[in-house]
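Asks: Mind looking at a prediction? Sequence and model below.
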Amino acid sequence: MKKRLTVIAILLTLTLSLALPLILSGCAPRDEILKVYNWSEYIGEDVIEEFEQYYYEITGKKITVKYDLFDENELMYSQIKTTKADYDVICPSDYMVEKMIKENLLLKLESNLDDLGYGEIEDYRNDISPLLISGNTQDGYYFDYDYDKESGEYNLYSRVYTMGTLGILYSNEATAYKNSNYGTYSSMQEYVEANGWAVLWDKAFNQRIMMKNSVRDTYAIGAIYTLLNERSGEFLPTITPSMALNATDSTNVAKIEKQLLAQKKLLNGYENDEGKEVIIAGDIDLTLQWAGDAVYAMDSLQEELSKEKDLSYFVPYEGSNIFCDAWCIPKYSRNTLGANLWINFMCKGDIAIENMDYIGYTSGVVSQEVFDYIVENWASEDESGYFVDLSYFFGADCGFDTTLYVAEEDYNAFEAQFPTLEIVQRCAVMKDYGDQTRAMNRMWRNIKA
């Protein structure tokens, strides 16, 4: 993976984001500016500049991308709904796309790019994994992606950018598991895989655990631990991961809140982005982590921090969350032409590779070009190691061989970026809390108080 933005660069970007509206408003018409609102550290180094060139090639006009950052879906949502910020492109998670469609906060994508008035434009927007296409239910999975749906029609408002899972990033160098009341184990790997999410509630790791500073992610794992892990004392064997993830009834919420309050006493803290640095520094041993950040922590970040740490990533057997983030056009966009071209550009195979190579998250784009990149970066030189079949992700009728062998020493990082079908089948999708949103936010405030 390429190196990401440094802290200084991020701070500079944030500083400029405050100043640029005033500067740009005085020197360029609004249709020459594209305002993008995205997660931090979530785009390839040269992609913005390459888009500006692509836009010029299509339209013959220059455009300047103004790029702002957010670190929570709810913050982005508030900016659009409450302040009516005129961002042109945003990148919410699946459940937030669902919420914003319901609240009429998104614009439909242009159905035919040729209608934009600039002749024939190659359309890359349908080169998305069938696993992630909204409305494409797959038999045997706990989930079907139906976040982009209106009146029985799908995929009107968004295109998938990246996907990932929620799992446990842990240090293989940790030794506290030897003092666990859960049993006797020969290694950290054996301990984590035997106990699943319960390791994040183990008193043996007091002050050596971090969770996400997010009601959605932390509650989701609290729910799966409480209802689907036998060590919680609240195990309900008759429910699925999807039912647990989206349990918002008062009885189950009370049980889950109780478990999260008990866990809080053991935590080093809650974090959005710094957990991977803290575990590399050796200050914690376990952290709830998004797969893409886990890949980054296992690879490039250690080089950047000049520290080595033997880390692994695991999605527990009792289940977890599978998610995607998607490009959308918010209601108050003032440059929908640029927004539609941005979304199309981000679905190009070479651009998907640039982004995936830089940020560590799995691109939702599927093509021969993307698979060749996977082979180049992950395949073993001979048929040794683990056999992998990615036909479930690329589509059984994609037209090319989707199998490869991954060396044993690379397999854990590979599996974090490209979860196997077995992992996918034990995951579920978060839904919009709907009418229960306020009650869930109150519960989270109680936990954080």
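Replies: Arrived safely. These figures come from a predicted structure and were not determined experimentally.
Asks: helices or strands next to the helix or strand containing Ala413 in the packing?
Replies: Using DSSP states H and E, Ala413 falls within helix 411-417. When contacts are defined as 3 or more Cβ pairs under 8 Å, 6 or more residues apart in numbering; DSSP states H and E, helix 411-417 packs onto helix 291-298, strand 311-314. (Glycine included, C-beta is placed from N, CA and C.)
Asks: What's the first helix or strand after it?
Replies: helix 421-425.
Asks: what's the average pLDDT for the next helix or strand after that following helix?
Replies: Using DSSP H and E, the helix or strand that directly follows helix 421-425 along the chain is strand 427-428. Mean pLDDT, computed over strand 427-428, is 92.
Asks: Direction included, what does strand 427-428 pair up with?
Replies: Here strand 427-428 is paired, per DSSP bridges, with strand 320-330 (parallel).
Asks: helix or strand right after the partner strand?
Replies: Next along the chain after strand 320-330, taking DSSP H and E as the criterion, comes helix 336-346.
Asks: Mean confidence (pLDDT) on the helix holding Ala413, please.
Replies: What helix 411-417 shows for mean pLDDT is 94.
Asks: who are the neighbours of the helix or strand hosting Gln302, in terms of helices and strands?
Replies: Gln302 is part of helix 300-305, with elements assigned from DSSP H and E. Using 3+ Cβ pairs under 8 Å, 6+ apart as the contact test, the elements touching helix 300-305 are helix 275-281.
Asks: buried residues in the strand ranked longest in the chain?
Replies: For the chain, the strand that runs over the most residues, judged by DSSP state E, is strand 158-171. Across strand 158-171, burial judged by 16 or more other Cβ atoms under 10 Å covers 158-171.
Asks: Ok, stretch 335-352 next?
Replies: Across stretch 335-352, burial judged by 16+ other Cβ under 10 Å covers 335-349, 351-352.
Asks: for stretch 292-308, same thing?
Replies: Gly292, Asp293, Ala294, Val295, Tyr296, Ala297, Met298, Asp299, Ser300, Leu301, Gln302.
Asks: just stretch 268-282 next, same as before
Replies: Asn268, Tyr270, Glu271, Gly275, Lys276, Glu277, Ile279, Ile280.
Asks: Per-residue pLDDT of Leu11, please?
Replies: In this model, Leu11 is scored at 39, pLDDT.
Asks: Likewise for Leu131?
Replies: pLDDT, Leu131: 87.
Asks: For it, give its distance to Thr240.
Replies: To Thr240, Leu131 is 18 Å away according to Cβ to Cβ, to the nearest Å.
Asks: Looking at these two, which is more packed in?
Replies: It is Leu131, of Leu131 and Thr240, that has more neighbours when counted by other Cβ atoms under 10 Å, with 22 against 15.
Asks: Glu369 versus the residue nearest to the more buried one when sequence neighbours are not counted, what's the distance?
Replies: Among residues not flanking Leu131 along the chain, Phe393 sits closest, at 5.5 Å (Cβ to Cβ, 6 or more residues apart in numbering). From Phe393 across to Glu369, the span is 15 Å (Cβ to Cβ).
Asks: So for the two, which sits in the more crowded spot?
Replies: A direct count of neighbours by other Cβ under 10 Å for Phe393 and Glu369 places Phe393 higher, at 24 against 14.
Asks: How far does the helix or strand hosting that one sit from its chain's centre?
Replies: Assessed by DSSP H and E, Phe393 sits inside helix 391-394. The chain centroid and the centroid of helix 391-394 are separated by 19 Å, computed with Cα atoms, centre = their mean, to the nearest Å.
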